[in-house]
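Undergrad: Provided below for reference: sequence and predicted model.
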Amino acid sequence: MASATVQSEHLRGLNAEQRAAVLHTEGPLLILAGAGTGKTKTIVHRIAHLISGCGVDPAKIVAVTFTNRAADEMRERVRSYIGDQARRITLSTFHSLGVRILREHGTRLGLPKRFAVYSTPDQLAALKTAAGEISIDDNAFDLKRVLARISDWKTRRVSPEQARQQVMTTRATGTRADAYEVLAADVYPRYDETLRASGAVDFDDLLLLPVQLLETDEEARRALWKRWHYVLIDEYQDTNAVQLELARHLAGSRRNLCVVGDDDQSIYAFRGADVGNILEFERHFPGARVIRLEQNYRSTKRILGAANAVIAGNTARHSKRLRTDNGIGAPIDYIEHEDDVTEADAVAQEIMLRRMAHRLKWGQFAVLYRTNTQARVLEEAFRQRNVPYRVIGGQSFFERKEVADALAYLRAAVNPEDEIALRRIINYPARGIGRTTVLKIADIARETGRSFASVLRDPPKDIGAAAVRAISEFLQMIDEARGQLEEAEAQASRGRPGEGPTPIAQWASAYFDRIGLEDAVRSDPRNAKSAIARVDNLRDLTGSIIRYERRVWDARFDITREDDEPWNPPTLAGALALLALNDFEEEDDKREDEASVALMTLHSAKGLEFSDVFIVGLEEGILPHNRSLEDAGAVDALAEERRLLYVGITRARHRLTLSRCRTRRRAGGREERLPSRYLAEIPQDLLNVKSAAAQLEPEQSAALRQNFFAQMKAMLGDAGE
DNA sequence: CCAGGGGTCCTTTTT
DNA sequence: GGACCCCTGG
């Protein structure tokens, strides 16, 4: 348990008054915390002090993060300070908070109680439907790009009407009318209508709709005012316009808003994050205090020197220069490899050697890259060399085809009107309802103004008898499943589940069997190599429903829960919302983390630290990425790419290794590559330029490994691990 | 009208 | 390594 005065080593650079401010200022507070200055620690100290020192009821505190990973980590750290009380703090991502607000008050916006949350594949399908309705040929346009445009508007709080205005003005002033702008503006309102007709919201809506609700609904505002008195927001530099408004509403007139962030680590402009939110915090929240943390406790002098040199290339920042009392540390290795395969292999090999030489755990290493596709080569190399690894992030679980299909079946059972779900599964597995039939039904629905589902229930005469029968069997199966779901949910609400499968999960797995999903996955020739993994994904899905049901009941019986806190029994809709947000207890636990090398994008690495970090693929076209060179606003994009490298470098505590390739396999052929422009910005005296080691044959490296291991054992007496 | 096979394209970053 | 489209055969 924490004492009233939290002793905080990492705050020693502050004077007493500043320290007091960090711990318990009333009113707005901005903590500008550079990389490695103990940002999360500061938040945790503040929370602990509010509770133990100031006697604030933990239930009145809400801390908001961007990722579930960050929320989990913070929860864990708060718990280690103040114990079980930590559970009563609301610790949530922005998006989960959005779900929560819409659950409670969404019906007043006309949302169904059991609204669905659409992720990318469903969003695209909805967009395609919407585009079809206004006779747009979706082959002529890249729908992903259109969706990105709509999403951009939503994150900037631009309504369909305003988007239309904007586009028209742009055309009137004679600037080049981008066909995509026009199309996006045209389809935007239809897209929203398509979502609503399916009882669904998208990711952006999870932020936008709560803000709209809070602006118009006094009761929702009052509920928020009563619920939370102290608000903390992590990684504030990554908030967008909508999140700023949400922050305003959360803070309310108490304005007990503490935000923590670092403008140099703003790397999400592409999804609407506005670094202006942190740069102009004092203007948005007059009277705000600003505290700077510039003492880095993480990295060696050399690593920090490289980071400072790289970020100095950006203008328009809160000026700061991180310092550290840490040692000078090892030189930063820089290696040029022949191609991506040798690079990956060299990384795997080097990690093996260093682990032995410095007695490190696998979990102390991380390999960072710009794009998820770079992971594949690394995975191959790591597998070949038997280096345990875990890939963090990547294609999200629910974007995998088999998972998306299964989720659509689940959603169709929850909501019979979910057109997007129905169209996805109506002929998968193939049951004789082809494209022509589906298009005909969609056409009739559009012409008569009825819903897709209702036309489906009453198919037009000109559809073949076989298709009609198939449709009716399909609908009957879904209806039956829905009936059984009601029973399963009733049972799930009755009492805490015992050992084994939980009621809703059990229902889902029977449903999947009935459909023959696993068989369909296995028999699809395209899945020849991936069938096992894909079937595993399906089983993971029921596994996470089990975890969800247990979690809901655990919360019900949590001894720290107050009697008046609302509690709802588990429902499939609830499970689906958490799934869409990737918010369910992860399988991989701490032990696994320690026993494997982490592979992830530079984006995913933000907020983490590792003893020994490799950043690979430092080439023009990768970092900075080609796409950020193309756009007109390339200066901003290049600044963001530079920040990305800054984030990567500052993840390292003791050692940093940079590398690039001279050639790279790409789309079949080979491509010449040039070194990243940012490499030239690192002072040469910090770098140890190494030539790539000649590639070892597998037998040679096995021998080397054996030999090395034997030597280490002899040297250390007993190095058994 | 439907299912399955073969060819072709591209491949940022994430909740 | 895919995702997606088009074409052909049934």
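TA: That came through fine.
Undergrad: for whatever helix or strand residue A:455 lives in, buried residues please.
TA: Using DSSP states H and E, residue A:455 maps to helix A:452-457. Within helix A:452-457, the residues that qualify as buried are A:452, A:453, A:455, A:456, counting by 16 or more other C-beta atoms under 10 Å. (Each C-beta comes from the backbone N, C-alpha and C, glycine too.)
Undergrad: ok, which of the residues you listed also contact DNA strand B?
TA: The subset of the buried residues of helix A:452-457 lying close to DNA strand B, counting by C-beta under 7 Å from any atom of the strand, is empty.
Undergrad: need those in CSV with pLDDT, can you?
TA: Formatted as CSV, these follow (pLDDT from 0 to 100):
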residue, pLDDT
A:452, 89
A:453, 91
A:455, 90
A:456, 90
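Undergrad: what's the closest of those residues to DNA strand B?
TA: Closest approach between the buried residues of helix A:452-457 and DNA strand B, by C-beta to the nearest atom of the strand: residue A:456, at 13.0 Å.
Undergrad: now do the strands in the stretch 351-500 of chain A.
TA: When secondary structure is read from DSSP state E, counting those that start in this stretch, the stretch 351-500 of chain A shows strands at A:365-369, A:389-391.
Undergrad: tell me if the first one is near DNA strand B.
TA: No. Strand A:365-369 stays clear of DNA strand B (C-beta under 7 Å from any atom of the strand), getting no nearer than 8.6 Å.
Undergrad: residue A:91 belongs to a strand, doesn't it?
TA: Yes. Residue state for residue A:91 (DSSP: H, G, I helix; E, B strand; the rest coil) corresponds to a strand.
Undergrad: ok so, going back, now the two most distant members of the buried residues of helix A:452-457.
TA: Using C-beta to C-beta, those span at most 7.4 Å, a distance reached by A:453 and A:455.
Undergrad: for whichever residue of the stretch 301-450 of chain A sits closest to DNA strand B, the count of nearby residues, please.
TA: Here the residue of the stretch 301-450 of chain A nearest DNA strand B is residue A:434; by C-beta to the nearest atom of the strand that distance is 2.2 Å. Residue A:434: 15 surrounding residues under other C-beta atoms under 10 Å.
Undergrad: check the offset of stretch A:400-419 from the chain's centre.
TA: Centroid separation for stretch A:400-419 versus its chain: 21 Å, with C-alpha atoms, centre = their mean, to the nearest Å.
Undergrad: ok, back up a step: out of the buried residues of helix A:452-457, who's nearest residue A:415?
TA: Nearest to residue A:415 among these, counting by C-beta to C-beta, is residue A:453 at 9.1 Å.
Undergrad: where's the closest one relative to residue A:442, distance?
TA: Distance, residue A:453 to residue A:442, using C-beta to C-beta, to the nearest Å: 11 Å.
Undergrad: and what of residue A:78?
TA: From residue A:78 to residue A:442 the distance is 50 Å (C-beta to C-beta).
Undergrad: which one's more surrounded, these two?
TA: Just comparing residue A:78 and residue A:442: by other C-beta under 10 Å the higher neighbour count belongs to residue A:78, 25 against 18.
Undergrad: the helix or strand encompassing that one - contacts with which helices or strands?
TA: In the assignment (DSSP H and E), residue A:78 maps to helix A:68-82. Under the contact definition 3 or more C-beta pairs under 8 Å, 6 or more residues apart in numbering; DSSP states H and E, helix A:68-82 sits against helix A:39-48, strand A:61-65, strand A:90-93.
Undergrad: for it, list every residue counted as buried.
TA: Neighbour-count burial for helix A:68-82, counted by 16+ other C-beta under 10 Å, picks out A:68, A:69, A:70, A:71, A:73, A:74, A:75, A:77, A:78, A:81, A:82.
Undergrad: CA atoms only: put it into CSV for me.
TA: Backbone C-alpha positions of helix A:68-82 (Å, rounded to 0.1, in the frame of the first residue of the first chain) are rendered in CSV as follows:
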residue,chain,number,x,y,z
ASN,A,68,-6.2,-2.0,-24.4
ARG,A,69,-2.6,-3.0,-24.0
ALA,A,70,-1.8,0.4,-22.4
ALA,A,71,-4.9,0.1,-20.2
ASP,A,72,-4.0,-3.3,-19.0
GLU,A,73,-0.5,-2.3,-18.2
MET,A,74,-1.7,0.7,-16.2
ARG,A,75,-4.2,-1.3,-14.3
GLU,A,76,-1.5,-3.7,-13.3
ARG,A,77,0.8,-0.9,-12.2
VAL,A,78,-1.9,0.9,-10.2
ARG,A,79,-2.8,-2.4,-8.6
SER,A,80,0.8,-2.9,-7.5
TYR,A,81,0.6,0.4,-5.7
ILE,A,82,-2.9,0.5,-4.1
